[in-house]
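J.: fold the following, please.
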Amino acid sequence: MNWFVKEGSIVREIWGKADTILFIFAGASAEFALNKSVDWLYFTGKLPADPLGRLFSTVAYARQIVFSEYDAAMKAIDQITAIHKEVENKRGARIPDWAYRDVLFMLVDYSIRSFELLERKMTDDEKAEAFDVFCKVGARMQIPGLPVDYPSWKKMREEHLLENLEKSNFSIDLYKQYRKHLGWGRYMLLSQVQARIAPDRVNEQLALGHGSVLTVILPTYKLLRVFGIHHLMRNLILPEKHKAQVISLDSK
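T.: Below you'll find the predicted structure:
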């Protein structure tokens with residue numbers, strides 16, 4: 001079988017666990033709120049109406065690509081491209097190239113950050129592999145200006161964090177929607193995860209803090225994972241609407 005991501009890849013390991021994917025989702029949800037192109041996500045009205053569903057759909061597409069045969073992955077990427085082109089046509093404007101790159105960069109960065117927070121430190125080769133996978137996605141989407149290798153990506157990522165983020169009325173409204181759709185308890189847990197996983201630039205603009213509560217919870221959660229019963233705790237805090245969807249993210 002000609003897989004888009006080879007069997008045994010660190011990327012398959014990262015995207016094969018619901019816990020890790022949830023942390024990727026948490027980090028991306030913070031940075032999405034600050035991105036200067038977030039108005040594009042408000043244009044269709046889908047993001048403020050269902051922020052969790054919108055972000056989960058992004059994660060679901062990424063995971064589908066990671067575990068697909070090559071031709072199927074290409075079709076999925078082309079479908080993503082077509083969806084974005086349709087939105088551009090409706091608005092009569094183009095999504096900035098840097099905004100497309102930002103989303104790819106988030107998938108790379110939060111894949112690494114989530115795995116390292118929950119599992120172990122990654123080697124430089126493993127980080128480069130994560131970059132290569134999502135860079136191939138960007139190449140298929142014909143996104144210009146992609147970095148040529150992992151070191152180039154690290155430099156460009158820092159530049160994007162400095163240049164493409166700002167706290168706006170969209171940021172404030174999106175966090176109101178997170179709180180509304182999650183409820184107070186889950187929202188506080190989300191903010192704790194974001195505080196631990198987000199880059200300093202994101203943390204500073206959103207005033208996320210140090211994630212001190214997660215510092216206490218995470219070791220206990222990791223211990224439960226050793227005994228294979230962590231999912232009981234995880235499933236208790238999941239929104240009922242998305243519980244089945246999250247559980248299905250665990251590779252069998």
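
J.: correct me if wrong: Ser111 contacts Trp15.
T.: Yes: the pair Ser111 / Trp15 is scored as a contact, 7.3 Å apart, by Cβ atoms under 8 Å. C-betas here are computed from N, CA, C, even on glycine.

J.: can you give me the strands for the chain?
T.: Here the chain has no strands by DSSP state E.

J.: need the helix or strand of it with the lowest average pLDDT.
T.: Within the chain, no helix or strand scores below helix 230-237, which has a mean of 68 by mean pLDDT, DSSP states H and E.

J.: point out where the stretch 51-200 of the chain drops to low pLDDT.
T.: Within the stretch 51-200 of the chain, not a single segment meets pLDDT under 70.

J.: so what's Ile61 closest to, chain neighbours aside?
T.: I think there's a mix-up here, since residue 61 is Tyr and not Ile. Spatial nearest neighbour of Tyr61, excluding adjacent residues (Cβ to Cβ, 6 or more residues apart in numbering): Ile80 at 5.9 Å.

J.: how about Ser37?
T.: Per Cβ to Cβ, 6+ apart, closest to Ser37 is Ala99, 3.7 Å.

J.: neighbours of that neighbour, how many?
T.: For Ala99, the neighbour count with other Cβ atoms under 10 Å is 19.

J.: find the nearest non-adjacent residue to Asn166, please.
T.: Small correction: residue 166 is Glu, not Asn. Per Cβ to Cβ, 6+ apart, closest to Glu166 is Lys36, 5.7 Å.

J.: now do the phi/psi pair for that neighbour.
T.: For Lys36, the backbone dihedrals are phi -60, psi -20 (criterion: degrees, to the nearest 10).

J.: and Lys121, how many neighbours does it have?
T.: With other Cβ under 10 Å as criterion, Lys121 counts 9.

J.: for Thr220, same thing?
T.: With neighbours defined by other Cβ under 10 Å, the count for Thr220 comes to 11.

J.: now do the one 4 residues further on
T.: Using other Cβ under 10 Å as the criterion, Leu224 is surrounded by 15 other residues.
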